[in-house]
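>>> Return atomic coordinates for the entry below.
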Amino acid sequence: MNKLINRKILLAILIILMLIPLFLYLLRPNQITDGKRPVLPAPTLPENPSPTLPQNQLRILRHSLPERKLGLYEGFVIEFSDTPSPSEFYYEAIPQTPINLSLEGTTILLSPKPTWNPDANYTIIIKKETQDTYGNFLDKDYVFKFKTVLTRGI
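This is a model prediction of the structure:
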């Protein structure tokens with residue numbers, strides 16, 4: 001009887017030891033993207049605003065494109081001076097790729113649908129025809145270039 005109990009206990013311990021790495025793997029943050037938006041640096045306002053740029057012009061303030069490299073599942077955030085209109089947001093992706101656009105306030109997250117092509121060079125152009133919710137146009141075309149990598153930082 002003791003041998004049977006000892007075998008059951010040993011089997012239970014063995015199963016637990018085998019399941020611990022699986023749980024740790026499932027619970028760890030994803031190394032490609034953890035589902036959180038990238039942290040943007042604090043905005044810096046110029047001391048003397050540009051006299052050629054009208055105050056009611058939509059502008060891109062900053063972006064989160066890291067070191068011009070993205071993982072296959074990663075997206076990047078662009079922050080605008082005002083809320084872009086979802087129906088008046090114009091962009092071009094080269095090479096042509098389906099992209100998810102997620103708008104939240106003055107930021108927009110551009111991410112692949114479902115992934116970027118591996119080891120590819122991309123150009124995303126945010127067109128000057130893009131408007132904010134007040135009908136103000138983007139001051140110029142903005143060009144973002146990046147290369148996809150299997151693991152970011154390599």
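
>>> Quick one: the helices in this protein, in order.
Remark: helices assigned in the chain by DSSP state H are 2-27.

>>> Per the annotation, how does it divide into domains?
1-30, 60-149 (automatic domain parsing).

>>> And the longest one, end to end?
So that's domain 60-149. Distance between the boundary residues of domain 60-149 (Cα to Cα, to the nearest Å) amounts to 26 Å.

>>> can you tell me which of the domains of the chain the model trusts least?
Of all the domains of the chain, mean pLDDT reaches its minimum on domain 1-30 (a mean of 76).

>>> chain center to that one, what's the gap?
37 Å (Cα atoms, centre = their mean, to the nearest Å).

>>> Can you point out the buried residues in that domain?
By 16 or more other Cβ atoms under 10 Å, domain 1-30 has no buried positions at all. Placement of C-beta: from N, CA and C, glycine included.

>>> got it, and stretch 113-121?
residue 116.

>>> for stretch 84-99, same thing?
Buried-residue list, stretch 84-99, by 16+ other Cβ under 10 Å: 84, 85, 89, 91, 93, 99.

>>> so which pair among the residues you listed is furthest apart in space?
Among those, the pair separated by the greatest distance (Cβ to Cβ) is 85 and 93, at 19.4 Å.

>>> Can you give me the neighbour number for residue 146?
For residue 146, the neighbour count with other Cβ atoms under 10 Å is 19.

>>> wouldn't it be in contact with residue 64 here?
No - the criterion here is Cβ atoms under 8 Å, and residue 146 misses it with residue 64 at 11.2 Å.

>>> Report the set of residues contacting both of the two.
By the contact definition Cβ atoms under 8 Å, 6 or more residues apart in numbering, residue 146 and residue 64 are jointly contacted by residue 76.

>>> Find the nearest non-adjacent residue to residue 72, please.
Of all residues not flanking residue 72 in the chain, residue 115 sits nearest, at 4.5 Å (Cβ to Cβ, 6 or more residues apart in numbering).
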